[in-house]
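> Just a sequence and a predicted model for now, questions to come.
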Amino acid sequence: MKSLLPFFSPSPSLLRPSLCGCLAICLALASTPSFAGSRILGTGGVSAIEGAAGGGLSPWAVLASTASEQEMGVTASASRAWVDDYRLTVTGASLNVYDRAELSIARQTLDLETLGGELGQDIYGAKLRLWGDVLYHPWGIWSMGIQHKRLVDGAIPTALGASDINGTDVYLSASKLLFSAVAGRNVLLNATLRNTDANQGGLLGFGGDQGHRTWVAEGSVGLFITPNWVMGAEYRQKPDNLSVAKEDDWQSLYSAYFFNKHLSLTGAWLDLGDIAGLPSQRGGYLSLQAAF
């Protein structure tokens, strides 16, 4: 495995001023006394690749950090995924406002190691908790979210037939923790319904000759081996809009460890299927998250 130094030290050229500013604001706000975390460890999930709180591949209904209804919380994360022919780097930050609303920002950079070049996009997200609680409400927690995505350079997606270089996803998520569900251990379930026209999450543009906006489903399950350690699987259905670039659903097996309420590390095995004509993209994933 490559050294972890590049993983946690992305090149400054990958970060736009907007992302750097968001990270600086989050760190400054985290130093104020009003920022705390009274919710139970792990109830904020980790940072998904699009910046929202959830699993690695999909947003969940929970909001980032462990801030309660009288608190505010911030997170910052750095993630790296490497599959056969591509490498994805994600840096992001999010703000939880009184456990009611979440604002997030993420920068994705996809290195085309076999084809050459790179693709990048900025993702601006917002999530609103509609009702419920992941622990104690019988129907869990329900949230609605939006993600606006803007490509840095749309030349390659446009050449492949994408209709647009900017797009917006809207989703509805529900999450529920089942106490002592399997061998006395807690189980976390999540389901997300997303309306999208994004190709490969937006990195290959939006829409195409085979379709445009559609509804897709995403699901996650996690088993808490200990209160700090959860293992599980994710599945993310994908649209297939480009005839020249077949798109498959994404799936993963993951393990996340919460050292405390402020620091977590997630690792996963990924199966992303075909990407831009290159088949069977499988590999690993690591994500480090700090929460305040």
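Thanks, I have the structure now. This one's a predicted model, so the numbers in the text were calculated from it and none came from an experiment.
> neighbours of the nearest residue to A48 once chain neighbours are set aside, just the number please.
Leaving aside its chain neighbours, A48 sits nearest to G54 (4.3 Å; criterion: CB to CB, 6 or more residues apart in numbering). C-beta: built from backbone N, CA, C; applies to glycine. Residues lying near G54 (other CB atoms under 10 Å) number 30.
> Thought L63 was touching G54, still the case?
No. Counting by CB atoms under 8 Å, G54 does not reach L63; the two are 10.0 Å apart.
> who touches both of the two?
The contact sets of G54 and L63 do not overlap (CB atoms under 8 Å, 6 or more residues apart in numbering).
> Just give the number of residues close to H262.
15.
> Who are the contact partners of it?
Neighbouring residues of H262 by CB under 8 Å, 6+ apart: 37, 290-292.
> Narrow those to those in strands?
290-291 (DSSP state E).
> Please tell me how far stretch 37-57 is from the chain's geometric centre.
9 Å (CA atoms, centre = their mean, to the nearest Å).
> Which positions in it come out as buried?
37, 39, 42-57 (16 or more other CB atoms under 10 Å).
> Which residue lies nearest the spatial centre of the chain?
A48 (1.6 Å; CA atoms, centre = their mean).
> What separation do you get for that one and L189?
Going from A48 to L189 by CB to CB, to the nearest Å gives 16 Å.
> all helices for this structure, in order.
5-8, 17-30, 155-160 (DSSP state H).
> what's the neighbour count on the closest residue in space to G154 that isn't next to it in sequence?
Sequence neighbours aside, I165 is the residue nearest to G154 in space, at 3.2 Å (criterion: CB to CB, 6+ apart). Other residues near I165 come to 18 when the count uses other CB under 10 Å.
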